[in-house]
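Trainee: Have a look at this fold, sequence not included:
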C-alpha cells in the first residue's frame, strides 16, 4: 500500500518548502500527496460555540483557497489530492489517517516572524502527537533537491516497539545509497554501554531490518536536544529520526519538551515515529508479596509523626 504524505499546505515560504520536500519524498517512495489546509487546530471544536451559519460561511470562503491549491498541485511531481477544513480536530486527524492510510503528516517548521503560524504549528504537533501519528517537520532551509541520504536516528538505552503506523517508513531507510547512523547522547560521562544498548534497541525494533549495521556515535551534552543537534551537525545528517514513546505523564512531558525543541530549532527535517503502547505488566503472587514486604520495611523506617 502506498504511503500518503499529508502535508499542511499554505502560500508562505515555510509551507511551500514543506510541500516541495514532501513531493520529493512521495516520488522517491512511490507515495501519494495530500495537500491539507487548516486555519486552526484544537482538541475541542470551537464551532460548537458559534452559530452554524457562521461556520458555513467560513467553509464557503475556503473555496478560493482550495481552487488555488488544486492549481498548484498540477505543478508537482506527484499526483496530489486537496483537503480543506477550518479546524484540525482529533476526529478530523483520525478521519484523514483512516482514509489515506498509511499516513505521514508533514508540517513546516515554525516561522519566528509569524507568531500566529508558530502557534498553529505547535497546536498541530500537540494534537497529532496525542494521536500517535508519524510526523515530519521540515525546516525552511531543508534541501529539497534530493531525498535524504544521511539519516541520523537518535536513540537511548531503552528498547522500543514501533507503532504499526511507523512501519511503513522503513523503505525511507532502505533506499540505495542511504547511510544510517545511530546517535546516543549522554550527560556528564562517556557511556559506551549506553551507546551499544541504543544500537541494539534500534536493531531490535526492526527499523533497520535487512540493512547494513548502522554507524554508531556517542555524544556528551547536558541538554539532550542540543546533543542531538550537535550529532546532526557532526554527521552532516540531512534527516533526524526521533522516537516518541508511550510514557507516564511526567516522563512524557519531559520528552515532549525535548522533541519540541528539536522541531523548533533543527536545521534539517525531523521525523517523529510513534511507538506501540507497552503491554501492562501482570504482577505474580511472589512479586506482590515481595512488594508488600518492601513497603512494610520502608514504612518502619519512616520517622514517627
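Mentor: Thanks, I have the structure now. All figures in this text were calculated on a predicted structure; none of them were measured in a lab.
Trainee: Specify the local secondary structure of the residue lying closest to residue 5 once chain neighbours are set aside.
Mentor: Nearest non-adjacent residue to residue 5, counting by CB to CB, 6 or more residues apart in numbering: residue 22, 4.5 Å away. No exception for glycine: its C-beta is placed from N, CA and C like everyone else's. Judged by DSSP: H, G, I helix; E, B strand; the rest coil, the three-state class of residue 22 is helix.
Trainee: From residue 183, how far off is residue 22?
Mentor: Computed as CB to CB, to the nearest Å, the residue 22 to residue 183 distance reads 25 Å.
Trainee: neighbour count winner among those two?
Mentor: Each of residue 22 and residue 183 has its neighbours counted (other CB atoms under 10 Å); residue 22 has more, 31 against 27.
Trainee: Isn't that one up against residue 33?
Mentor: Yes. Counting by CB atoms under 8 Å, residue 33 is a contact partner of residue 22 at 6.1 Å.
Trainee: Please enumerate the shared neighbours of these two.
Mentor: With contacts taken as CB atoms under 8 Å, 6 or more residues apart in numbering, residue 22 and residue 33 have 5, 7 as neighbours in common.
Trainee: List the buried residues of stretch 178-193.
Mentor: 178, 179, 180, 181, 182, 183, 184, 185, 186, 191 (16 or more other CB atoms under 10 Å).
Trainee: Spell out the secondary structure type for the fourth one.
Mentor: Secondary structure for residue 181, judged by three-state DSSP, is strand.
Trainee: Bridge partners for it, pull those for me.
Mentor: Beta-bridge partners recorded for residue 181 (DSSP bridges): residue 152, residue 215.
Trainee: Could you pull up the residues touching it?
Mentor: Contacts of residue 181 by CB under 8 Å, 6+ apart are 150, 151, 152, 153, 214, 215, 216, 217, 235, 237.
Trainee: still on that earlier bit, looking at the buried residues of stretch 178-193, spot the one nearest residue 164.
Mentor: residue 180 (21.3 Å; CB to CB).
Trainee: Leaving out chain neighbours, which residue sits closest to the closest one?
Mentor: residue 214 (4.2 Å).
Trainee: ok so, going back, and the buried ones among the contacts of residue 181, selectable in PyMOL?
Mentor: To isolate the buried ones among the contacts of residue 181 in PyMOL, judged by 16+ other CB under 10 Å, type:
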select buried, resi 150+151+152+153+214+216+217+235+237
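Trainee: Now do the strands in the chain.
Mentor: 4-8, 32-37, 40-41, 80-84, 87-88, 103-108, 135-138, 150-154, 179-186, 215-220, 239-244, 270-274 (DSSP state E).
Trainee: Check what pLDDT the residue positioned nearest the centre of the chain gets.
Mentor: Nearest to the geometric centre of the chain sits residue 272, at 2.4 Å (CA atoms, centre = their mean). Residue 272 carries a pLDDT value of 92.
Trainee: Over to residue 140?
Mentor: On the pLDDT scale, residue 140 gets 89.
Trainee: who are the neighbours in contact with the residue lying closest to it once chain neighbours are set aside?
Mentor: With sequence-adjacent residues excluded and distances taken as CB to CB, 6+ apart, residue 140 is closest to residue 14, at 4.9 Å. By CB under 8 Å, 6+ apart, the contact set of residue 14 is 108, 109, 110, 111, 117, 138, 140.
Trainee: which one of those residues has the most neighbours?
Mentor: Neighbour counts for the contacts of residue 14 (other CB under 10 Å) peak at residue 138, which has 28 neighbours.
Trainee: Distance check, that residue against residue 241.
Mentor: Distance from residue 138 to residue 241, by CB to CB: 14 Å.
Trainee: Thanks again, I'm all set now.
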